[in-house]
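Undergrad: Predicted model and sequence below, questions to follow.
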Amino acid sequence: MKRGFWLWAAGLATYAFLYVPLAVVVLFSFNDSELNASWVGFTTRWYGKLLGDADLLQAAANSLLIAIVSSTIATVLGTMAGIALHRWRPPLLPFLVLTPVAMPEILLGVSLLLFFRQVLDLTLGLFSILAAHITFSLGFVAIIVRARLAGMDESIFEAARDLGATPWRTFTRVTFPLIVPGIVAGFLMSFTLSIDDFVITFFVAGVGVTTLPLQIYSLIKVAVTPEVNAISTLLMALTLTLIALALRFAPETLRKSA
């Protein structure tokens, strides 16, 4: 009984450590005070003020554009990589696809910065951010699609081939419909990772191009205002919604790939 009590206490303390700060951010986004040092009263004016902030709106537009494009490309490439990892298991492909997933973000960001500037002599901007986001998102999609395929009965594909279906027809009529939940979950996960990313984007963004996480970082250098809390709350709500949708589409696949 005593051991069970301490396990529950440790678990609750851990969850409190993780989620109480998030709850404070949400609460103070409704605080009627520009100083945000103490609670003054309830207001929603900070959310209205966001609509008049041109810099934040531009950063949000950049983040959405990068997230949509990078997630779409990463989903296509990651799906092909996931199928290859499951079917043919080429020796170098797991290393190439999964290394960006396992690599620390700061190391990946520095590596991409050096590659873009010293190897390609590329001007940093939206394209470099897009390429970086595709790089680290692709592996997550491949893992999810591979896990989806691993949970299927191989006799389904053998039956299609026995009935005379070509490899392409087997893919379009059997394989693809069965892995659609994994593909959708991979897209949602890569979209979430892209729109929330700060560390890698910080290294490859260049001058004059900013995303929402970078804009929030520039704002908190002065002070954590209720406006920052408001945009953080909206970003948090979007992220949680996308994760919930990914879990809804492919819960078993995400558990196996975790």
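TA: Okay, I see it. Residues are numbered from 1 along each chain as shown.

Undergrad: okay, CA-based contacts and neighbour counts for the rest of this
TA: Noted.

Undergrad: Output the contacting helices and strands for the one helix or strand Y19 maps to.
TA: Assessed by DSSP states H and E, Y19 sits inside helix 2-28. Helix 2-28 is packed against helix 226-249, with contacts defined by 3 or more C-alpha pairs under 8 Å, 6 or more residues apart in numbering; DSSP states H and E.

Undergrad: Next, the angle helix 2-28 makes with the helix it packs on.
TA: 130 degrees (axes from the mean of the first three to the mean of the last three C-alpha atoms, to 10 degrees).

Undergrad: List of residues touching helix 226-249?
TA: Residues outside helix 226-249 that contact it (C-alpha atoms under 8 Å, 6 or more residues apart in numbering) are 25-26, 28-31, 33-34, 36, 46-47, 49-50, 181-182, 184-186, 188-189, 192, 196, 216, 219-220, 254.

Undergrad: Let's see which of these end up in helices.
TA: Judged by DSSP state H, helices contain the following of the contacts of helix 226-249: 25-26, 28, 46-47, 49-50, 181-182, 184-186, 188-189, 192, 196, 216, 219-220, 254.

Undergrad: In ChimeraX, how would I select just the buried ones from those?
TA: Selecting the buried subset of those in ChimeraX, with 16 or more other C-alpha atoms under 10 Å as the burial test, is done by:
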select :25,26,28,46,47,50,181,182,184,185,186,188,189,192,196,216,254
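
Undergrad: you'd agree A205 is up against T123?
TA: No. Using C-alpha atoms under 8 Å, A205 is not in contact with T123, being 9.6 Å away.

Undergrad: Give the residue from these two that has the larger number of neighbours.
TA: A side-by-side neighbour count of A205 and T123, using other C-alpha atoms under 10 Å, places A205 first with 23 against 14.

Undergrad: what's the neighbour count on A37?
TA: 12.

Undergrad: same check, this time on L93
TA: Other residues lying near L93 total 14 when counted by other C-alpha under 10 Å.

Undergrad: show me what contacts it?
TA: Taking C-alpha under 8 Å, 6+ apart as the test, what L93 contacts is 81, 85.

Undergrad: Output the below-cut-off pLDDT ranges for this structure.
TA: Within the chain, the stretches with pLDDT under 70 are 1-3, 249-258.

Undergrad: Spatially central residue in this protein, please.
TA: Centroid-nearest residue in the chain: L193, 1.5 Å away (criterion: C-alpha atoms, centre = their mean).

Undergrad: how much space between that residue and I66?
TA: As judged by C-alpha to C-alpha, to the nearest Å, L193 and I66 stand 11 Å apart.

Undergrad: which residues are contacting stretch 142-160?
TA: So stretch 142-160 is contacted by 78-83, 85-86, 97, 170, 174-175, 179, 182-183, 185-186, 253-254, 256-257 (C-alpha under 8 Å, 6+ apart).

Undergrad: What subset of these is buried?
TA: 78-83, 85-86, 97, 170, 175, 179, 182-183, 185-186, 253-254.

Undergrad: Cool, thanks, signing off.
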